[in-house]
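Asker: missing the sequence, but the structure's below:
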């Protein structure tokens, strides 16, 4: 009788160990699946689609939509004040939109075109509008303007503002200065004043101590993936070791 009880106990222990191993294997498979899917999910979560941006209409007091989160509160307020005065003085409205990353298949041009058409669907509502887009992941820009704005600011000047005036400081990770410089030049041109022109580019080799938006996003993603990989390795091993000791 005692022998049968011992055999039964051994059998139950064996079954329990097998069950634990299956559970641990299932957990490992689940964690591995999460690790494979997570980068895709993170990429889509950080991306911005046209319909993720709040609607702004002509005459709205919203001058900046900073989804890229690159402007300080102080500079954002200063830029908004300048753009508000420009609208009151001339009727010309300028808006900045910053995002962290496009949806798959989007470009600066397609995003700016789509957003401009969504915000201002008619030629009349577009006439006095200028929309400047900045993607902080790639530091690419684009600008869309209405017909009355084009009469004061040619397409060549508009492109110079977003590709030279705006991007020169941004290439050194100074987003606040880039948007402020673009605002000042836009305000001058759309007020009928002489165009101050693009900035003089000075070649100075200075190593930046600040991370760009792309480097920050990549580093954050790498840290999360590393932590999950460690968890996927350590947790099953620790659980199995604890069970064996028990």
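Answerer: Here it is on my side, so go on. What you see is a predicted model, and the numbers here were worked out from it, not measured in a lab.

Asker: Which residue ranges of this protein form helices?
Answerer: For the chain, the helices identified by DSSP state H occupy 2-46, 73-90, 108-119, 123-126, 147-152, 155-160, 167-170, 175-190, 213-245, in order along the chain.

Asker: what sits up against stretch 63-75?
Answerer: Applying CB atoms under 8 Å, 6 or more residues apart in numbering, the external contacts of stretch 63-75 come out as 48, 52-54, 56, 76, 79-80, 83-84, 93-100, 134-136, 175-176, 179-180, 213. Glycine gets a C-beta too; all of them are placed from N, C-alpha and C.

Asker: Same question for stretch 146-155.
Answerer: With contacts defined as CB under 8 Å, 6+ apart, stretch 146-155 is touched by 92, 120, 123, 126-130, 145, 186, 189-190, 192.

Asker: what comes up buried for it?
Answerer: Along stretch 146-155, the positions that meet the burial threshold by neighbour count (16 or more other CB atoms under 10 Å) are 146, 149, 152-153.

Asker: Nearest to residue 170, out of those residues: which one, please.
Answerer: Checking the buried residues of stretch 146-155 against residue 170 by CB to CB gives residue 153 as the nearest, at 20.4 Å.

Asker: could you measure residue 114 against residue 182, distance?
Answerer: Residue 114 sits 21 Å away from residue 182 when distances are taken as CB to CB, to the nearest Å.

Asker: More neighbours: which of those two?
Answerer: Between residue 114 and residue 182, counting by other CB atoms under 10 Å, residue 182 is the more crowded of the two (26 against 16).

Asker: List the contacts of the more buried one.
Answerer: Listed by CB under 8 Å, 6+ apart, the contact partners of residue 182 are 96, 132, 161-162, 165-166.

Asker: Take those and write them to a markdown table, including neighbour count.
Answerer: A markdown table is the format used below for these (neighbours: other CB atoms under 10 Å):
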| residue | neighbour count |
| --- | --- |
| 96 | 25 |
| 132 | 24 |
| 161 | 26 |
| 162 | 21 |
| 165 | 23 |
| 166 | 28 |
